[in-house]
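[1] Quick one, structure for this:
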Amino acid sequence: MKLEAIITQRKTEKSSSYDLVYEWEDVLSSELGLKMIDESGLRQNRWVRRFRVSSLATTNKNAFVFKMGPFGHSGLNKPNIVPYIIDFYLDENQLDWFYKTYNKHKVVFISSKEAYDYLCEHHCPLPIAHLPLSISDKYHIDVTSQYEKKYDLVLMGRQNPVLMDFLEEYVKNHPDFLYAYRVEENGHYYYHTSKGMLIGDIINRDDYIALMRQARVCLYATPGLDGGEERTKGFNQVTPRFLEYLSCLCHVLARYPANSDTDYFEINKFCESVESYEQFEKVMDDYLCKKVDVGFYSNYLQHHYTSLFANDMTKILKDI
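    Residues are numbered from 1 along each chain as shown. This is a model prediction of the structure:
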């Protein structure tokens, strides 16, 4: 199967969470010579869906589409469409629905190795393939890469409550520790330092990455831990933020379970899962005294850029 296009939502979906998806799309388009096709608003129109003709609002070209999750698939269940599911958070009671909703595809790509293994264990009748998450080649680093580190820690996005409790204790015991955190005000995210200085408004992805590059350490946890189990149905895939931290040359202080996805991304080569405050303190102290191994980071990321994703996907589709 040879792809001709990518179905994109960039003209209609402006949420910052999609910026990463659009970066992936740009690399795929460049690497594979794929045309961008804008998502049709008619596909989700309630009258179009009611009369079950939403597939007519979707291209007949062989097209690839990133899906944030398995829902909202009306009109896309066609043999010419190749879906890639980023977050697969379905329990056993939802699997029959999933099989029926995706039953016309020649292949369904699953980002998480844990979710892929789960589907295989449940004898998934669909033609599924594992294709891991990546980071855009625009964030490529090599052994000469370096960034000025202004802050001991920067808190990016949703935080794990256990790691935050450990951080609160650490700050009490280390008053000179300088970190940055965000405050939402009137729909904007303003970053402040622990010393009371306003850093500024993070309004786009470039600002987000620029601030991350100034952190010596970042906290990372897979999403289905410590209260996240209900949202993710217990799945704990490695998210793109882990790769972002590495591309920004940050030490990663992490909390995660052992599963096939955390094994695939070899998180334990960067940090053992933090289970106690004493371990947190020891790791943090160690990180603040040394720079990251840029050569190691660079070699690791060579296996996780989106251009390699494009190559692996092409190999799989070649046999379909």
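[2] gap between the residue nearest in space to the middle of the chain and Lys290?
    Centroid-nearest residue in the chain: Pro240, 3.0 Å away (criterion: Cα atoms, centre = their mean). From Pro240 over to Lys290 the distance is 25 Å, taken as Cβ to Cβ, to the nearest Å. C-beta coordinates here come from the backbone N, C-alpha and C atoms, glycine included.
[3] now Thr12
    Thr12 sits 46 Å away from Lys290, going by Cβ to Cβ.
[4] related to what we said a few turns ago, how near is the residue nearest to the centre of the chain to Leu167?
    From Pro240 across to Leu167, the span is 22 Å (Cβ to Cβ).
[5] Glu25 contacts Ala5, correct?
    No: with contact defined as Cβ atoms under 8 Å, Glu25 does not reach Ala5; the gap is 10.6 Å.
[6] the more surrounded of those two?
    Glu25 (23 against 18; other Cβ atoms under 10 Å).
[7] what are the ranges of the helices in the chain?
    Here the chain has its helices, by DSSP state H, at 19-32, 46-50, 95-101, 113-121, 161-173, 205-212, 229-232, 240-247, 260-264, 277-288, 294-301, 306-318.
[8] The fifth one to helix 277-288, inter-axis angle?
    Which is helix 161-173. If you take axes from the mean of the first three to the mean of the last three Cα atoms, to 10 degrees, helix 161-173 sits at 70 degrees to helix 277-288.
[9] Send me helix 161-173 as CSV with only the CA atoms.
    This file holds the C-alpha atoms of helix 161-173, laid out as CSV (Å, rounded to 0.1, in the frame of the first residue of the first chain):
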residue,chain,number,x,y,z
PRO,A,161,1.2,14.0,42.6
VAL,A,162,3.8,11.7,44.2
LEU,A,163,6.7,13.4,42.5
MET,A,164,5.2,16.8,43.5
ASP,A,165,5.1,15.7,47.1
PHE,A,166,8.7,14.7,46.9
LEU,A,167,9.6,18.0,45.3
GLU,A,168,7.8,20.0,48.0
GLU,A,169,9.9,18.2,50.7
TYR,A,170,13.1,18.7,48.7
VAL,A,171,12.4,22.5,48.4
LYS,A,172,12.0,22.7,52.2
ASN,A,173,15.3,21.0,52.7
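[10] Check which helices and strands it is in contact with.
    strand 215-221, strand 251-255, helix 277-288 (3 or more Cβ pairs under 8 Å, 6 or more residues apart in numbering; DSSP states H and E).
[11] swap in the last one?
    Of the remaining helices and strands, those touching helix 306-318 by 3+ Cβ pairs under 8 Å, 6+ apart are helix 19-32.
[12] same check, this time on the fourth one
    Taking 3+ Cβ pairs under 8 Å, 6+ apart as contact, the helices and strands that helix 113-121 lies on are strand 128-130, helix 260-264.
[13] what mean pLDDT does the longest one have?
    Model confidence over helix 260-264 averages 98 on the pLDDT scale.
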